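# Compute the structure for the input listed below.
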Amino acid sequence: MNKELINKIKTEFEYKFTQHPLLVRSPGRINLIGEHTDYNMGLVLPATIDKCIIIALAKSNKNISKIYSIDFNESLEIDFNNIGKQEVGSWKNYIIGVISGILNKSAKIENFNLVFGGNIPIGAGLSSSAALENGVVYGLNKLFNLGLNKSEIMNISIAAEHNFAGVNCGVMDQFSNLHGKSENAIFLDCYDLSFQYVSLQLDNYQFLLINTNVKHQLNNSPYNQRKLDCETGLQILQIKFPQLNSLSNTDLGQLNSVKEKLSTKVYNRCLYVIEENERVKSSKIALENNDLQSFGDLLFASHKGLSSLYEVSCPELDFLVDLAKKDTSVIGSRMMGGGFGGCTINLIKKDKIDNFINKAESEYQHKFGLSISTYPVNISDGTQIIKL
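This next block holds a predicted model:
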């Protein structure tokens with residue numbers, strides 16, 4: 001339950017405001033498989049982890065709200081009558097955005113004091129922004145008895161991401177943050193938000209994240225271009241199959257029937273999405289059968305598709321996955337997230353983690369002259385009130 005972190009945030013809040021706070025734990029998330037399928041209205045398999053943000057908050061009798069970030073050592077004061085964006089990239093926009101969203105719903109909130117901090121690695125693709133957004137809304141909902149349900153909390157957070165942080169995210173991060181369950185993944189259909197829990201019986205294995213510590217910036221917004229390629233393919237498919245509402249509802253036979261009308265690039269993008277969607281389905285079955293070897297094979301296959309068909313990998317990510325594939329202690333590995341840098345997710349024997357980390361650190365340093373960061377993670381519950 002991250003007792004040391006909880007005590008740190010609670011103590012800082014009580015020192016600054018001489019109040020006893022309400023405490024919220026809001027976790028980061030990993031996506032086991034199902035990459036770039038969310039905006040294609042497909043299937044994903046995320047899970048929340050034991051790295052989190054802790055938020056302490058209480059009502060204030062002042063005419064402004066005061067927020068303090070321990071990790072950034074920065075403060076924010078908010079006047080509900082004069083809410084405006086901060087500089088691009090600032091954590092402050094996430095909090096300003098969700099407060100604006102709550103006020104737009106005519107929800108009755110008063111001024112408050114808030115302190116937060118966490119241990120989610122920033123920039124590693126673990127959705128620290130969704131954890132902060134959801135955690136703040138969740139806490140304010142409890143503090144002021146707003147009566148918001150999880151769907152409303154999620155939508156407020158997504159709107160903050162779009163309108164204040166300037167990130168056109170999908171639904172997976174905020175949804176999984178709120179619905180996470182210890183020792184379970186979430187089999188989520190991004191088309192209608194229907195979901196099932198899938199038990200993760202990992203036995204002697206654990207998930208290990210390895211951050212390449214690189215982020216390649218490519219011209220012409222490669223993420224938006226991938227989405228455009230998929231939309232182009234779907235539009236051509238819909239001429240022949242008007243009932244199709246997403247690539248994720250398309251099968252390989254349908255795609256191949258219009259192959260001559262598609263560029264090689266668009267065909268490959270569509271092929272990847274169709275195959276990845278099927279891999280998510282197969283992963284659910286493998287995990288339900290406690291068949292970790294088959295699940296691991298699907299992780300390797302996912303990376304191959306992301307690298308060769310969807311072309312969102314990079315040399316550093318490919319190197320780490322190839323290294324994992326050659327090691328018998330790792331039964332599955334792939335890049336995780338948007339791509340062009342960031343993390344790999346690896347399913348590895350617990351007692352071999354230190355050996356593999358040492359080997360990866362040495363060989364990655366020799367190959368690229370860079371250091372990696374490593375994070376063994378466990379699966380935890382979603383956002384919740386902390387009861388001391």
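# According to the record, where do the domains of this protein fall?
As given by automatic domain parsing, the domain ranges for the chain are 3-199+380-385, 205-377.
# how about JSON lines for the ones you listed, with mean neighbour count added?
Bear in mind the C-beta positions are built from the backbone N, C-alpha and C, glycine included. Shown next, in JSON lines, are those (neighbours: other Cβ atoms under 10 Å):
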{"stretch": "domain 3-199+380-385", "mean neighbour count": "20"}
{"stretch": "domain 205-377", "mean neighbour count": "18"}
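# Just send those domains back as a markdown table, with mean pLDDT too.
Below are the domains of the chain laid out as a markdown table (pLDDT from 0 to 100):
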| stretch | mean pLDDT |
| --- | --- |
| domain 3-199+380-385 | 93 |
| domain 205-377 | 95 |
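# just the strands in the stretch 251-388 of the chain please.
Ranges of strands in the stretch 251-388 of the chain, per DSSP state E, counting those that start in this stretch, are 330-336, 341-349, 373-377, 384-385.
# how about CSV for these, with distance to Phe72 added?
Conversion of the strands of the stretch 251-388 of the chain to CSV gives the following (distance: least, Cβ to Cβ, whole Å):
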stretch, distance to Phe72
strand 330-336, 25
strand 341-349, 21
strand 373-377, 19
strand 384-385, 24
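# just so I know, which of those lies nearest Asn249?
strand 330-336 (23.8 Å; Cβ to Cβ).
# contacting residues around Lys66?
Residues counted as contacts of Lys66 (Cβ atoms under 8 Å, 6 or more residues apart in numbering) are 17, 60, 75-77, 113-114.
# hmm, back to that, out of the strands of the stretch 251-388 of the chain, flag the one nearest Cys270.
strand 330-336 (19.7 Å).
# What helices and strands are in contact with the closest one?
helix 292-308, helix 315-325, strand 341-349 (3 or more Cβ pairs under 8 Å, 6 or more residues apart in numbering; DSSP states H and E).
# Partner strands of it and their direction?
strand 341-349 (antiparallel) (DSSP bridges).
# Contacts made by stretch 185-196 with the rest, please.
So stretch 185-196 is contacted by 32, 37-47, 170-172, 175-176, 179-180, 197-198, 200, 245-246, 248-249, 280, 284, 287, 379 (Cβ under 8 Å, 6+ apart).
# export the helix or strand Gln235 falls within as PDB, just CAs?
Using DSSP states H and E, Gln235 falls within helix 222-240. Taking Å, rounded to 0.1, in the frame of the first residue of the first chain, the C-alpha atoms of helix 222-240 are listed here in PDB:
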ATOM      1  CA  PRO A 222       3.600   9.900 -36.700                       C
ATOM      2  CA  TYR A 223       0.800   9.000 -34.300                       C
ATOM      3  CA  ASN A 224      -1.800  11.100 -36.100                       C
ATOM      4  CA  GLN A 225      -0.500   9.700 -39.400                       C
ATOM      5  CA  ARG A 226      -1.100   6.100 -38.200                       C
ATOM      6  CA  LYS A 227      -4.600   7.000 -37.300                       C
ATOM      7  CA  LEU A 228      -5.100   8.600 -40.700                       C
ATOM      8  CA  ASP A 229      -3.800   5.600 -42.400                       C
ATOM      9  CA  CYS A 230      -6.300   3.400 -40.500                       C
ATOM     10  CA  GLU A 231      -9.200   5.800 -41.300                       C
ATOM     11  CA  THR A 232      -8.200   5.700 -45.000                       C
ATOM     12  CA  GLY A 233      -8.200   1.900 -45.000                       C
ATOM     13  CA  LEU A 234     -11.600   1.700 -43.200                       C
ATOM     14  CA  GLN A 235     -13.200   4.200 -45.700                       C
ATOM     15  CA  ILE A 236     -12.200   2.000 -48.600                       C
ATOM     16  CA  LEU A 237     -13.400  -1.100 -46.800                       C
ATOM     17  CA  GLN A 238     -16.700   0.500 -46.100                       C
ATOM     18  CA  ILE A 239     -17.400   1.000 -49.800                       C
ATOM     19  CA  LYS A 240     -17.600  -2.700 -50.200                       C
END
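# chain center to the longest strand anywhere in the chain, what's the gap?
The strand that spans the most residues within the chain, counting by DSSP state E, is strand 46-59. Computed by Cα atoms, centre = their mean, to the nearest Å, the chain-centroid distance of strand 46-59 equals 14 Å.
# Who are the packing partners of that strand?
helix 3-17, strand 22-31, strand 112-118, helix 128-143, helix 172-179, strand 184-189, strand 373-377.
# closest to Asn224 out of those?
Nearest of these (Cβ to Cβ): helix 172-179, 17.5 Å.
# Lys197 contacts Lys181, correct?
Careful, residue 197 is Tyr; it's not Lys. Yes: with contact defined as Cβ atoms under 8 Å, Tyr197 reaches Lys181; the gap is 5.5 Å.
# following the longest strand of the chain, which helix or strand shows up next?
strand 65-69.
# Put the alpha carbons of that next one into CSV.
C-alpha atoms of strand 65-69 as CSV (Å, rounded to 0.1, in the frame of the first residue of the first chain):
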residue,chain,number,x,y,z
SER,A,65,-7.6,26.7,-3.6
LYS,A,66,-4.0,25.8,-2.9
ILE,A,67,-2.3,22.8,-4.5
TYR,A,68,1.3,21.7,-4.0
SER,A,69,3.3,19.1,-5.9
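# quick check: angle from that strand to strand 112-118?
10 degrees (axes from the mean of the first three to the mean of the last three Cα atoms, to 10 degrees).
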